[in-house]
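# below are the sequence and a predicted model; questions follow.
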Amino acid sequence: MSLISIQVNNQAVQLEIDDRMTLADLLRNTIHLTGTHLACELGVCGSCTVLVNDEPIRSCITLAASVSGATIQTIEGFEDDDKMKVIREYFSEAHGLQCGFCTPGMLITVRDMIIREKCQTESQIRKELSGNLCRCTGYSGIVKATQLANQRLNNPEIIK
């Protein structure tokens with residue numbers, strides 16, 4: 001057992017956990033933040049993507065004990081984030097959503113891509129998104145939503 005202290009969505013959390021518990025299981029089953037989805041549990045699909053100290057990570061393959069002292073942001077922690085509001089708006093408008101299972105990890109990844117300026121071309125967007133699997137959309141809506149959000153966020157004078 002390990003005692004960990006973390007910040008999750010700006011809330012201090014201190015818990016005693018099993019050393020083998022993954023961050024995804026901690027978030028979903030202990031803290032009850034179910035926006036972090038589990039699918040492959042191998043770090044391949046991207047559904048479990050969260051930010052740890054502002055870096056996207058796969059929470060299904062990250063031991064919770066290894067992030068003690070870290071700041072974690074799940075999809076639930078972006079309610080007041082201006083960038084995420086724009087990204088969500090365009091995901092809806094450009095039909096980047098279908099079943100929604102991949103959406104939390106996809107949104108966090110797209111936000112990170114925009115911040116890192118990795119949305120300059122369609123091929124760059126597709127390459128950056130290759131770690132996030134979607135079985136429903138065929139990616140065209142997701143790519144279009146990413147392009148539109150990137151344009152708006154990097155050109156604030158653009159009014160919708």
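Done, it's in. Numbers count the residues shown, from 1 in each chain.

# which residues are in contact with the closest residue to residue 65 other than its chain neighbours?
Distances taken as Cβ to Cβ, 6 or more residues apart in numbering place residue 2 nearest to residue 65, at 4.3 Å, with adjacent residues excluded. Glycine gets a C-beta too; all of them are placed from N, C-alpha and C. Applying Cβ atoms under 8 Å, 6 or more residues apart in numbering, we find residue 2 in contact with 16-19, 65, 68.

# okay, those in JSON lines with distance to residue 128 next?
What follows is those, written out as JSON lines (distance: Cβ to Cβ, whole Å):
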{"residue": "16", "distance to residue 128": "37"}
{"residue": "17", "distance to residue 128": "32"}
{"residue": "18", "distance to residue 128": "34"}
{"residue": "19", "distance to residue 128": "33"}
{"residue": "65", "distance to residue 128": "30"}
{"residue": "68", "distance to residue 128": "29"}
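
# of those, just the buried ones, PyMOL syntax please.
This is the PyMOL syntax for the buried subset of these, where burial follows 16 or more other Cβ atoms under 10 Å:
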select buried, resi 17+65
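
# quick one: which of the contacts of residue 2 is nearest residue 133?
Of all those, residue 65 has the smallest distance to residue 133: 27.4 Å, by Cβ to Cβ.

# so what's the closest one up against?
By Cβ under 8 Å, 6+ apart, the residues touching residue 65 are 2, 4, 17, 19, 21.

# just those: which are in helices?
When DSSP state H is applied, the contacts of residue 65 are split such that none fall in helices.

# out of those, which is nearest to residue 140?
Nearest to residue 140 among the contacts of residue 65, counting by Cβ to Cβ, is residue 21 at 37.8 Å.

# skip the chain neighbours and tell me the closest residue to that closest one.
Per Cβ to Cβ, 6+ apart, closest to residue 21 is residue 64, 4.7 Å.

# ok, that neighbour - contacts?
Contacts for residue 64 (Cβ under 8 Å, 6+ apart) come out as 4, 17, 21-23, 25-26.

# again with residue 31
Residue 31 neighbours (Cβ under 8 Å, 6+ apart): 8, 13.

# from residue 155, how far out is the residue nearest to residue 21?
Distance, residue 64 to residue 155, using Cβ to Cβ, to the nearest Å: 40 Å.

# thought residue 141 was touching residue 95, still the case?
Yes: with contact defined as Cβ atoms under 8 Å, residue 95 counts as touching residue 141 (3.8 Å).
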